[in-house]
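A.B. asks: sequence first, predicted model second:
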Amino acid sequence: MKFEQDFLHYIKSGATIIQIISHETQRVHGVVNKTADELERSWFSWNRIDGIKKWEQREFIDEDADCREASGVLEKFEEEGFENSLLILEDFHPDLTENQPHIIRRLRNIVQRKYADRTLILSQPITGLPVELEKEVQVMEMPLPTVDDLKVVLQHVCQRFNLEEAKYEETLPVLEAALGLSIMEADLAFAKAIVKKGRITESEISLIISEKEQVIRKSGYLEYYHPQEDLNDVGGLDKLKEWLNRRGNAFSESAREYGLEQPRGILLLGVPGTGKSLAAKAASNAWQFPLLRLDMGKIYGGIVGQSEKNIRGALGIAETLAPCILWIDEIEKGLSGIQSSGATDGGTTSRVLGTFLTWMQEKNKPVFVLATANDISQLPPELLRKGRVDEIFFVDLPDCQARQEILNIHLRRRGRGELFSDAELSRIAKEAKGYTGAELEEAVKEALFRAFDEGRQVELDDVIAAIKDSYPLSKTMQEVIEATRKWAKSRAVQASSREPEAFNEKPKDTTKTPRLRQEAANPFI
């Protein structure tokens, strides 16, 4: 394990104080115990309740239970009795503040004396180091448990519940289901599965995942989705669906052996309501990958450095759950104001974007990024560069054939797939020229409401009337859509192989149609 190797190398190199960031005290003890065995050192643990304890003969024994003050344990550390040892200071961070200058000074003295035979380990769940110690203390962040770590947790839980070997399986799917959890959270997830079902097999994976979903939601940045839609539920967009079907096989081991790289991600640009978010859900279902939605709005925090920490934490969880799809809906809204970031928010947005782009460029875990955007003018040019995403697709308004497919999908979902003939669906699709998929769905629902209110089956005229009573986005945003089409023609791949339909000729008198301020880029038009 890389973390254990780095920890060992720091101690061998003469690092006197090492700070480990982790909630998992047991894993910290495990790493220290393994390192102490390899270096033939003894090791101790200290906290404010138990004082100093020594690990001996596979258990802790009291060394000095009365030593409960931070200054006292540091004084003890420099005395005889701690030669050739490691000492863990648990939850020491409250003493690493400006109100405790004597503690900071004593730590600096310890570093400057360069003890070759003893090492202090500051174990704490949150980051935090005084400026005075930033250059003298090595900081390490313990990653979330691996499959091997989770296997140990599973065995421990099964022993605790006296579970027979025939009633639990240490298979890879069971262990991978708990990836992304800490050892405490994984322990609880396994235990709940045993309590509910009396066993833990691949049949209990859904129970483990449900516990993981709660933990992911606690982070506040990621949401775990269980999409029901597949690519057959996406009307039109044949080129996009073909691309997704082809890339779905590229995550396999045979693809690695063939020399293929893992797909990195795509960016879907286009008109709102045209199926971009639906495509993300369908891809997750088609590939059988977890779908994690990243809420960029929740990334930003009020404390300096918190936003950057939040984005790193969210991306770290996504990597732990790999292979998965990281879905970022309307990414331009989370990055709005990037041009004035230095003047308006102290550069926070720029730093968050920089962290995200660097991760996209350098990531080696199979996390497929699927980002959607409606307003291309707000997208930073760095995000559009090849290498960070595999392809940029432009999702245009559905043409007549795609509208017919979409209508059929929504009618079929509501148990009326055979209600209208192809000719009738074609007629509805022609009446709905310029309508998005979301607007077609609303028209179908409105027609059903009308028919239900009158106590009869829905008819063709109900759907057509619902369409005519609504005003599509393509009419209010016609100039924006035309400008976007021109931009995408030479910079993006069309998600559909068919040519988009041209807009109808504009009416001569447009002054009667009220417009929002943002609907026209040119105030003189």
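C.D. replies: In hand now; what should we look at? Numbering: from 1, shown residues only.

A.B. asks: just after the least confident helix or strand in the chain by mean pLDDT, pick out the following helix or strand.
C.D. replies: Here the helix or strand of the chain ranked lowest by mean pLDDT, DSSP states H and E is helix 341-344, holding a mean of 54. Next along the chain after helix 341-344, taking DSSP states H and E as the criterion, comes helix 348-362.

A.B. asks: in that next one, what's buried?
C.D. replies: 348-353, 355-356, 359-360 (16 or more other C-beta atoms under 10 Å). C-beta: built from backbone N, CA, C; applies to glycine.

A.B. asks: report the rounded mean pLDDT for it.
C.D. replies: Confidence for helix 348-362, expressed as mean pLDDT, is 85.

A.B. asks: need the contact list for the residue nearest to Val493 when sequence neighbours are not counted.
C.D. replies: Nearest non-adjacent residue to Val493, counting by C-beta to C-beta, 6 or more residues apart in numbering: Phe393, 5.3 Å away. Shown in contact with Phe393 (C-beta atoms under 8 Å, 6 or more residues apart in numbering): 239-240, 243, 266-270, 492-495.

A.B. asks: cool, and Arg160?
C.D. replies: Ala191.

A.B. asks: go with 6 Å
C.D. replies: By C-beta atoms under 6 Å, 6 or more residues apart in numbering, no residues touch Arg160.

A.B. asks: what residues sit buried inside the helix or strand hosting Asn245?
C.D. replies: Assessed by DSSP H and E, Asn245 sits inside helix 238-247. The neighbour-count check on helix 238-247 (16+ other C-beta under 10 Å) flags 238-241, 243-244, 247 as buried.

A.B. asks: follow-up on the earlier one: distance check, the residue nearest to Val493 against Glu69.
C.D. replies: 62 Å (C-beta to C-beta, to the nearest Å).

A.B. asks: what does Lys433 give?
C.D. replies: In this structure, Lys433 and Glu69 are 78 Å apart, going by C-beta to C-beta.

A.B. asks: between these two, which one's more packed in?
C.D. replies: Taking other C-beta atoms under 10 Å, Lys433 and Glu69 do not tie; Lys433 has more neighbours (17 against 13).

A.B. asks: what secondary structure does the more buried one sit in?
C.D. replies: Put simply, Lys433 is coil when judged by DSSP: H, G, I helix; E, B strand; the rest coil.

A.B. asks: spatially nearest residue to it, not counting backbone neighbours?
C.D. replies: In space, and not counting its chain neighbours, Lys433 is closest to Glu501: 6.5 Å by C-beta to C-beta, 6+ apart.

A.B. asks: same question, Asp295
C.D. replies: Nearest to Asp295 is Tyr221, by C-beta to C-beta, 6+ apart, at 6.1 Å.

A.B. asks: residue ranges with poor pLDDT in the stretch 1-150 of the chain?
C.D. replies: Filtered on pLDDT under 70, the stretch 1-150 of the chain yields no residues whatsoever.

A.B. asks: cutoff 80 now
C.D. replies: For the stretch 1-150 of the chain, the stretches flagged by pLDDT under 80 are 1.

A.B. asks: how about the stretch 351-500 of the chain?
C.D. replies: In the stretch 351-500 of the chain (pLDDT under 80), the answer is 376-388.

A.B. asks: helices of that one, residue ranges please.
C.D. replies: Under the criterion DSSP state H, counting those that start in this stretch, helices of the stretch 351-500 of the chain are mapped to 400-413, 422-431, 437-453, 460-468, 473-476, 478-491.

A.B. asks: surely Leu460 meets Glu424?
C.D. replies: Yes: Leu460 is in contact with Glu424 according to C-beta atoms under 6 Å; the separation is 5.3 Å.

A.B. asks: and of the helices of the stretch 351-500 of the chain, who's closest to Glu136?
C.D. replies: Among those, the nearest to Glu136 by C-beta to C-beta is helix 478-491 (50.1 Å).

A.B. asks: need the contact partners of the closest one.
C.D. replies: So helix 478-491 is contacted by 271, 376, 394, 503, 520 (C-beta under 6 Å, 6+ apart).

A.B. asks: change it to 7 Å
C.D. replies: 269, 271, 376, 392, 394, 396, 474, 500, 503, 519-520 (C-beta atoms under 7 Å, 6 or more residues apart in numbering).

A.B. asks: again with stretch 442-459
C.D. replies: For stretch 442-459, contacts defined as C-beta under 7 Å, 6+ apart pick out 407, 410-411, 414, 416, 419, 432, 462-463, 466-467, 470.

A.B. asks: can you rerun that using 8 Å?
C.D. replies: Under C-beta under 8 Å, 6+ apart, the answer for stretch 442-459 is 407, 410-411, 414, 416, 419, 432, 435, 462-463, 465-467, 469-470.
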